[in-house]
Every structure is written in structure tokens, then in C-alpha cells.
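**Student:** quick one, structure for this:
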Amino acid sequence: MASDKKTEKPQTKVGKANEEILAVFQTLRNDQRLMASKFSEMEMELNEHKIVIDTLKTVDPKRKCYRMIGGILCEQVVGEVLPTLVANKEQLTKVIASLHDQLAKKGIEINEYKEKHNIRIRGIDELQQTEEESKETNDSKRNALVGNFLEA
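**Tutor:** Numbering: from 1, shown residues only. Below you'll find the predicted structure:
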């Protein structure tokens, strides 16, 4: 019985280690999803800014317009709003570029963690394996055809 207890302890340690690895991996993936959603949200906001700026460029600068600031609708003139929108658009562009870089780094970090701990994802990894196998068989068929053609 003493030997049974000894064999159970390492298995639970390995189980806990696997659970910790999986938890860290899930956290990394959740962070990546949050960044991706924030990235798409910022891109949508940038597109809205572009549309409004293009519309306001053709309007008289002294004309009244309304702008939402922190949930409050404010009455302003186009001449005051347009420079602010252009500045906001430039800032959004910088933030989007930064988020894109962070998203790419997070993807690399996840792939490295995945390779380091030999993590396999059902469905995705199986699909990649079947694609690689089909490429290998197609390549070998092409080589055989080329080889036969050269012999004749």
C-alpha cells in the first residue's frame, strides 16, 4: 500500500502541472481575444471618424453641428469640430498600430508556449496534419510523374 501512495503523488503533481499549463494557455488566449475585439472596435471607430470627416469637409465651417462628448450631446460649429476629429483620427491610427503590434506579439507568445509545452488543440491541429499529409502525397505523386516523364 505504501508503494500505491507513492505512485499516486507524482500523478497528481503531473495532473496539477498540466492543469496549470492549461490555465496559463487559456489566459493567454483570452488576452488575445480581448485584444482582437478591442482592435476591431478601434478600427470601427476609425472608420466612423473617416466618414464624419469626409462629410464635414464639404460643409460650411460656420454651420451648427452636434457632437457626442462623454454621452452628452453638445452643439458646436463645424469649424471647431473638424480639427478635433482629425486629431482624434490620428491618435486612433497610432493606437490601432500599437494594438496590432501587441496582438502579433501575443500570437507569437502563444505559439511559443504551445510548442514549449507540446499543447495540441483538437480540430485545428488535426486539420493542419491532414493538410500537410495531403501536400506530401501530392508532392510525391508529382515527383513520380516527372520521374516517369524524364525516363521516356
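**Student:** residues near Arg120, how many?
**Tutor:** Using other Cβ atoms under 10 Å, Arg120 is surrounded by 9 other residues. Backbone N, C-alpha and C define where each C-beta goes, glycine included.
**Student:** for it, give me its contacts.
**Tutor:** Residues counted as contacts of Arg120 (Cβ atoms under 8 Å, 6 or more residues apart in numbering): none.
**Student:** host element of Gln91?
**Tutor:** Counting by DSSP states H and E, the element that carries Gln91 is helix 78-116.
**Student:** that helix packs against which elements?
**Tutor:** If contacts are counted by 3 or more Cβ pairs under 8 Å, 6 or more residues apart in numbering; DSSP states H and E, helix 78-116 sits against helix 2-57, strand 64-69.
**Student:** Asp31 and Glu90, how far apart?
**Tutor:** Between Asp31 and Glu90 the distance is 27 Å, computed by Cβ to Cβ, to the nearest Å.
**Student:** these two: which has the busier surroundings?
**Tutor:** Neighbours were tallied for Asp31 and for Glu90 using other Cβ under 10 Å; the higher tally belongs to Asp31 (15 against 11).
**Student:** and the pLDDT at the nearest residue to that one once chain neighbours are set aside?
**Tutor:** Spatially, and ignoring its direct neighbours in sequence, Asp31 is nearest to Lys106 (6.2 Å; Cβ to Cβ, 6 or more residues apart in numbering). For Lys106, the model assigns a pLDDT of 96.
**Student:** residues near the closest residue to Ile119 other than its chain neighbours, how many?
**Tutor:** Among residues not flanking Ile119 along the chain, Phe25 sits closest, at 5.8 Å (Cβ to Cβ, 6+ apart). Neighbour count for Phe25, taken as other Cβ under 10 Å: 16.
**Student:** contacting residues around Phe25?
**Tutor:** Per Cβ under 8 Å, 6+ apart, neighbours of Phe25: Ile110, Tyr113, Lys114, His117, Ile119.
**Student:** for ChimeraX, what selects the buried ones among these?
**Tutor:** What follows is the ChimeraX syntax for the buried subset of those, where burial is set by 16 or more other Cβ atoms under 10 Å:
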select :110,114
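**Student:** would you point out the most distant pair within the contacts of Phe25?
**Tutor:** Farthest-apart pair in the contacts of Phe25 is Ile110 and His117; separation 11.0 Å (Cβ to Cβ).
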